[in-house]
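Engineer: fold the following for me, if possible:
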Amino acid sequence: MEAGSVSLFFATFLLIYGSTHAYAFVKAKAALGFGAGTALWVVPLLALLICAPFVTHLLERNGMEAAAAFPHTSATPGWGSSSSLFPSTCCRIS
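Structural biologist: Now for the predicted structure:
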């Protein structure tokens, strides 16, 4: 793959995946009515979840497959959030 196509893939992935998390945050804030204090710890958590697939990829690429697949590192929370958040967001929008 060329470097330009990889950059385009990452930009598209971040746009879709980040927008999905932002949409869920806005909907949760409207439904639950939490304030700025709660948002201060929810937003960094969502940012970590958005970065989790990239961290998993970097760990695997650098020969740390065991660390990437360990249940409480990056793979399980990252892919778990995407597998639950993305389909529910798509169903709400359509």
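Engineer: could you point out which element follows the top helix by length along the chain?
Structural biologist: Within the chain, and with DSSP state H defining each element, the longest helix by residue count is helix 3-32. The helix or strand immediately downstream of helix 3-32 is helix 36-61, counting by DSSP states H and E.
Engineer: what average pLDDT does that following helix get?
Structural biologist: Averaging pLDDT along helix 36-61 gives 83.
Engineer: now it, how far from the chain's geometric center?
Structural biologist: Its chain's C-alpha centre and that of helix 36-61 lie 6 Å apart, by C-alpha atoms, centre = their mean, to the nearest Å.
Engineer: got it, and stretch 18-27?
Structural biologist: In terms of C-alpha atoms, centre = their mean, the centre of stretch 18-27 is found 10 Å from the chain centre.
Engineer: start at 442, not 1
Structural biologist: With the count now opening at 442, the last piece we talked about shows up as stretch 459-468.
Engineer: buried residues, that stretch. List them.
Structural biologist: Thr461, His462, Ala465 (16 or more other C-beta atoms under 10 Å). Using the backbone N, CA and C atoms, a C-beta is placed for each residue, glycine as well.
Engineer: how about the contacts made by the residue lying closest to the first one once chain neighbours are set aside?
Structural biologist: So that's Thr461. Here the nearest residue to Thr461 in space, its sequence neighbours aside, is Thr530; by C-beta to C-beta, 6 or more residues apart in numbering that works out to 4.8 Å. With contacts defined as C-beta atoms under 8 Å, 6 or more residues apart in numbering, Thr530 is in contact with Thr461, Tyr464, Ala465.
Engineer: Thr479: which of those residues is nearest?
Structural biologist: In terms of C-beta to C-beta, no member of the contacts of Thr530 lies closer to Thr479 than Ala465, at 14.3 Å.
Engineer: with adjacent residues omitted, what lies nearest to that closest one?
Structural biologist: Leu526 (5.6 Å).
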